[in-house]
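In: Test case, fold it:
(4 chains)
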Number of protein chains: 2
Amino acid sequence: MENPDVDRTFNLLWRRTLGVPQGSRGPKQRFSVDEVIRAGVAVADEEGLPAFSMRKVADRLGLKLMSIYTYVPGRSELIGLMVDEVTGERELPPHEGDLRRRLTGVAEEMWDRFHRHPWLLQVEESRPWIGPHGSGLYEWQLTAIEGAGFTDLEMDQVITLLSSFTAGAARTSIDARRTAQRSGISDAAWWASSVPILERVMPADSYPVSSRVGQVAGREYNAVDDPGRSFRFGLDRILDGLRRHVS
Amino acid sequence: MENPDVDRTFNLLWRRTLGVPQGSRGPKQRFSVDEVIRAGVAVADEEGLPAFSMRKVADRLGLKLMSIYTYVPGRSELIGLMVDEVTGERELPPHEGDLRRRLTGVAEEMWDRFHRHPWLLQVEESRPWIGPHGSGLYEWQLTAIEGAGFTDLEMDQVITLLSSFTAGAARTSIDARRTAQRSGISDAAWWASSVPILERVMPADSYPVSSRVGQVAGREYNAVDDPGRSFRFGLDRILDGLRRHVS
DNA sequence: AGATAACTACGTATGCCGTACGGAAATACC
DNA sequence: GGTATTTCCGTACGGCATACGTAGTTATCT
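Out: This next block holds a predicted model:
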C-alpha cells in the first residue's frame, strides 16, 4: 500500500540513511548521495529543468545511466532532493528592524534564490517533498512576522502573498534573461525587429493606450534594469497594504 | 536573415493569410487553421502542456503527424496561436465603478482564464507572440486604470503587479487541483499519510511556529476553499496599497 | 576455505517526443 | 496535355525515463 519510494525519499531528504540498503555486503557505492545531488544541481543550473536528464547527471559523474537509480528512486525524487539542497545553501540571517524591513528580507531571499537557481521556478510545486531546509525556511519566514499583529491563518496568507508575487516577478525577470542569452538577441533588438512586422499586420490606432504606455515603459526599461524595478514597485505597494492591515 | 517562420506566424496570428502558400494550385487543405488551433486547445485542456504533442493534435483531426506542419510552422508557434485564441474567447466587459472594482475585475479575468486553461501557466512567456487578442487584453487592462492617478510607467507596473500575483496564486490553486485529480488522493489524505513518516524522520519541536500556524491553516483550509481564499486576501492587501499610492 | 546472500553497475528494450527530408498524389494554370 | 505547385504522409534520427535481467564484486556465514 505504502509506496516504498516515498519512505526512501524521506530518508534521503532527512539523511536518516544514505539510501535503502541496510546490509553491507556488495561493493561500496562510488559516490555519496550528496555528490549525486550536487551533480544534478550543476546540470540544472547550466541547462534548466527541461534539458535536465538522468543521462546528463550520470555522464557528469562518470557513471552510466542506470547506475543513478541505485542512488535515487527516479528523476522527480532527485529534483525534490535538489530543491531542498539549494534551499539550504545560504544561511538565513536573523530578522531585524520593523515589519517592513523584515518582510523585505523575506521577499529578497526568495528573489535571490530564484535568480541563483532559475530552474526552481520550473518545478511543479504542489505537494513538495518536505525536507529539512524547506521546513527551516518556512519557519524562518513565519518568525519574521510573529507578533506583528496577524492571526495564525493570516501569517500563512501573508507568506503566500509574498511568495506568489515574488515568484511571478522573478519568473518574468528570469525568462527575459534566459531568452536573451539563448537567442543571442537582446530585448531591444527583438522588439526593433518585430515593430516593422507588427506595423504591417496590426490595424493602426487600435490600441491607443497601450501604444502610449508601451512607449514610455519601453524607453524607461531599456535605460534601467526593468524587472527588478517592477519587483520593487510591487513589493512596496504590498507592504503598504499589509501595514494598513495590522494597524 | 529574417526568419520566414516569424513572418508566417504573425500572418497566422493576425489572420492576414491562412498560411504561407500564395498560389492556389495543389489540393485544398482539409481543415482551417482555426480547426487546428482548436484541436490543440482541446488536447492541452485535457492533458496539459507537457503531454501536449503534435501527434495528438494530428490524431484528433484524423491527419497524420507530418501534415500538421503544412498548417503551422511547429509546436511552439502553434502554442502561441493557442494562447491568443483562448485569450480572446470571452468578451471583456466594460469597466465600471471605482478603482478597486475595476482592478478586481482585471485580476478576476486572469484568475478565471488560468482556471479555464491551466496550461497557460506552463507556457514560457518571455517574448510572447503578439496577437490581436493579447493586444486587446492589454489595452483593456490599461483602460481600467486610465485616469486613476498613475503615471504611464506606473500603469504598466500596476498591471504587472496584478499579473505576477494572480499568476502565482492561480498556479498554486491549479497545481493542487491537478495533483489531486491525477493521483486520486486528496490533499487531506496525502497529508495524513505523510504525517507519520515526518514524525519519524523530523526532529521533534524544531519548528514551533510552523507547527502552530500549519495546524490552524490546515484546519481552516480543509473546511473552506483554500487557494481562492488566499487569492482574495492577497488581492485585498494589494488594492489597499494601490489606493494609498494614488491618494 | 568455500558457499551464499546482498549489492553495484550496467546492457537492452519499450514507448514516447519534435522535426528534417523526400516522394506520391492531387489540383490548377499555361 | 503538360507542368508547376501544394498537400499529405512514410521513414528516419536522436533524444527522453525507466522496467527488467545479468554479471561481477564483496562481506558474511558455514
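In: Check what pLDDT A:Gly218 gets.
Out: Looking at A:Gly218, its pLDDT is 73.
In: ok, it to DNA strand D distance?
Out: In this view, A:Gly218 and DNA strand D are 37 Å apart by CB to the nearest atom of the strand, to the nearest Å. C-beta here means a position set from N, CA and C on the backbone, and glycine is covered the same way.
In: just A:Pro132 next, same as before
Out: 24 Å.
In: so that residue sits right up against A:Asp84, yeah?
Out: Yes - assessed by CB atoms under 8 Å, A:Pro132 is found in contact with A:Asp84 at 6.9 Å.
In: what residues are shared contacts of these two?
Out: With contacts defined as CB atoms under 8 Å, 6 or more residues apart in numbering or on different chains, the residues adjacent to both A:Pro132 and A:Asp84 are A:Leu13.
In: Give me every residue in chain A that's in contact range of DNA strand C.
Out: Where proximity means CB under 7 Å from any atom of the strand, the interface of chain A facing DNA strand C comprises A:19, A:21-31, A:63-67, A:69-71.
In: Quick one: find the helix or strand in chain A with the lowest mean pLDDT.
Out: Lowest on mean pLDDT, DSSP states H and E among the helices and strands of chain A sits helix A:208-223, with a mean of 76.
In: next SSE after that helix?
Out: Moving toward the C-terminus from helix A:208-223, the first helix or strand encountered (DSSP states H and E) is helix A:226-246.
In: ok, and does that next one reach over to chain B?
Out: Yes - residues of helix A:226-246 contacting chain B under CB under 8 Å from any CB of the partner chain: A:229-230, A:233-234, A:236-242, A:244-245.
In: The longest helix anywhere in chain A: how far from the chain's middle?
Out: Using DSSP state H to assign secondary structure, the helix with the most residues in chain A is helix A:152-183. Between the mean C-alpha location of helix A:152-183 and the chain-wide mean there is a distance of 8 Å, by CA atoms, centre = their mean, to the nearest Å.
In: For stretch A:132-150, list every residue counted as buried.
Out: Buried residues in stretch A:132-150, defined by neighbour count with 16 or more other CB atoms under 10 Å in any protein chain shown: A:132-146, A:148, A:150.
In: Out of these, list just those in helices.
Out: Mapping those onto helices (DSSP H) picks out A:132-145.
In: Flag the shaky bits of chain A, pLDDT-wise.
Out: Counting by pLDDT under 70, chain A shows low-confidence ranges at A:1-2, A:18-23, A:219-225.
In: Quick check: the residue of it nearest DNA strand C.
Out: Evaluated by CB to the nearest atom of the strand, chain A has A:Gly26 as its residue closest to DNA strand C, separated by 2.4 Å.
In: Verify the stated contact: A:Trp129 with A:Asn11.
Out: No - if you go by CB under 8 Å, A:Trp129 and A:Asn11 don't touch, sitting 11.7 Å apart.
In: before we move on, the earlier item: quick one: the ones in helices among the buried residues of stretch A:132-150 as TSV, columns for distance to A:Val216 too.
Out: Putting those into TSV (distance: CB to CB, whole Å) gives the following:
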residue	distance to A:Val216
A:Pro132	47
A:His133	42
A:Gly134	41
A:Ser135	45
A:Gly136	43
A:Leu137	38
A:Tyr138	40
A:Glu139	43
A:Trp140	39
A:Gln141	36
A:Leu142	40
A:Thr143	41
A:Ala144	36
A:Ile145	36
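In: Give me the spatial nearest neighbour of A:Asp236, chain neighbours excluded.
Out: Spatial nearest neighbour of A:Asp236, chain neighbours left out: B:Gly241 (7.6 Å); criterion: CB to CB, 6 or more residues apart in numbering or on different chains.
In: List the residues that contact the one you found.
Out: Applying CB under 8 Å, 6+ apart, one finds that B:Gly241 lies in contact with A:Asp236, A:Arg237, A:Ile238, A:Leu239, A:Asp240, A:Gly241, A:Leu242, A:Arg244.
In: now A:Asp84
Out: Listed by CB under 8 Å, 6+ apart, the contact partners of A:Asp84 are A:Leu13, A:Trp129, A:Gly131, A:Pro132, A:His133, A:Gly134.
In: which ones are touching the fourth one?
Out: Taking CB under 8 Å, 6+ apart as the definition of contact, the neighbours of A:Pro132 are A:Leu13, A:Trp14, A:Arg15, A:Asp84, A:Gly88, B:Met202.
In: one more time with 7 Å, if that's ok
Out: In this structure, A:Pro132 makes contact with A:Leu13, A:Trp14, A:Asp84, judged by CB atoms under 7 Å, 6 or more residues apart in numbering or on different chains.
In: Among those residues, which one lies nearest to B:Ile159?
Out: A:Asp84 (34.8 Å; CB to CB).
In: Where does that closest one sit, in terms of helix or strand?
Out: In the assignment (DSSP H and E), A:Asp84 maps to helix A:75-87.
In: neighbouring contacts of the next helix or strand after that helix?
Out: Toward the C-terminal end, the helix or strand that comes next after helix A:75-87 (DSSP H and E) is helix A:99-116. Taking contacts as CB under 7 Å, 6+ apart, the residues outside helix A:99-116 that touch it are A:92, A:95, A:120-121, A:141, A:144-145, A:148, A:162-163, A:166-167, A:170, A:174, A:231, A:235, A:239, A:242-243.
In: and helix A:99-116, how far from the chain's centre?
Out: Taking CA atoms, centre = their mean, the mean C-alpha location of helix A:99-116 is offset from the chain mean by 12 Å.
In: Up against DNA strand D, what does chain A have?
Out: Within chain A, the positions adjacent to DNA strand D are A:24-28, A:52-56, A:65-66, A:69, A:74-76 by CB under 7 Å from any atom of the strand.
In: Most neighbours out of the residues you listed, which is it?
Out: Sorting the residues of chain A next to DNA strand D by how many neighbours each has (other CB atoms under 10 Å in any protein chain shown) puts A:Phe52 first, at 22 neighbours.
In: Could you grab the helix/strand/coil label for that residue?
Out: The local conformation at A:Phe52, judged by DSSP: H, G, I helix; E, B strand; the rest coil, is coil.
In: about what we covered before: out of the contacts of A:Pro132, flag the one nearest to B:Ile185.
Out: So of the contacts of A:Pro132, ranked by how close each gets to B:Ile185 (CB to CB), first place is A:Leu13, at 19.6 Å.
In: Now the terminal residues of stretch A:179-196, how far apart.
Out: Terminal residues of stretch A:179-196 are spaced 21 Å apart (CA to CA, to the nearest Å).
In: Does it reach chain B?
Out: Yes - between stretch A:179-196 and chain B, judged by CB under 7 Å from any CB of the partner chain, the touching residues are A:Thr179, A:Trp190.
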